[in-house]
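Peer 1: got a predicted structure here, sequence first:
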Amino acid sequence: MKKIIGVMGPGKEQATQEDIDCAFEIGKLVAKTDSVLLCGGMSGTMEASAKGAQKVGGLTVGIGPTKDKQDMNKHLDIPLLTSMHAGRNFMNVISSDVLVFVSVGSPGTLSELAFAIQTGKPSIVIRGSEKLKSYIVELSSESVTFVDSLDELDKKLKKLLR
């Protein structure tokens, strides 16, 4: 059975261009591990990660918040509809074997990180703020790792997938 790597991050309203570029590269890294990329199915970092995975032949799944496939991005091989809005965030987390968080620049992404901590899912944060890092360290969450580069992320992902 293939591993599922969830890539969580802000939509186009909150994502910076650097977040989107980073998510695209993460998508490629995920596909190269022969894992399935799971995302929230919408715009911004979600779309960029799915686009990156597809560019190198990866399989993409999106768990969307609406009841219309037309709302979801075009880089999904398997769009799953929930009509649950933010409630679908728990499904994103619980369905993933490992999670990668890009910037945690939106309330939705922050809720997914909270669910990941609550469920003990191995999680990697890239482009996270020092304030966020300090808070997570205070929580003593051993399931969350912060990385500063795509190379470091790649090494950590491969270690977690072993």
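Peer 2: On my side now, so go ahead.
Peer 1: ok, residue 59 touching residue 50?
Peer 2: No. Taking contacts as CB atoms under 8 Å, residue 59 lies outside contact range of residue 50: 9.9 Å. Using the backbone N, CA and C atoms, a C-beta is placed for each residue, glycine as well.
Peer 1: give me the more crowded residue out of the two.
Peer 2: Remark: of residue 59 and residue 50, residue 50 carries more neighbours, 33 against 19, as counted by other CB atoms under 10 Å.
Peer 1: next up, the contacts around the closest residue to that one other than its chain neighbours.
Peer 2: Spatial nearest neighbour of residue 50, chain neighbours left out: residue 75 (3.7 Å); criterion: CB to CB, 6 or more residues apart in numbering. Contacts for residue 75 were tallied using CB atoms under 8 Å, 6 or more residues apart in numbering; they are 47, 50, 51, 53, 54, 60.
Peer 1: list the buried residues of stretch 32-46.
Peer 2: Buried residues in stretch 32-46, counted by 16 or more other CB atoms under 10 Å: 33, 35-46.
Peer 1: kindly report the same for stretch 8-23.
Peer 2: Within stretch 8-23, the residues scored as buried using 16+ other CB under 10 Å are 8, 9, 10, 11, 14, 15, 19, 20, 22, 23.
Peer 1: now intersect those with the strands, please.
Peer 2: The strands, defined by DSSP state E, take in residue 8 from those.
Peer 1: and the residue lying farthest from the centre of the chain, what pLDDT?
Peer 2: Distance from the C-alpha centroid of the chain, by CA atoms, centre = their mean, peaks at residue 138 (22.8 Å). Per-residue pLDDT puts residue 138 at 91.
Peer 1: name the element it belongs to?
Peer 2: helix 130-139 (DSSP states H and E).
Peer 1: tell me how many other residues crowd residue 85.
Peer 2: Other residues within reach of residue 85, judged by other CB under 10 Å, total 11.
Peer 1: now it. Its backbone dihedrals?
Peer 2: phi 50, psi -130 (degrees, to the nearest 10).
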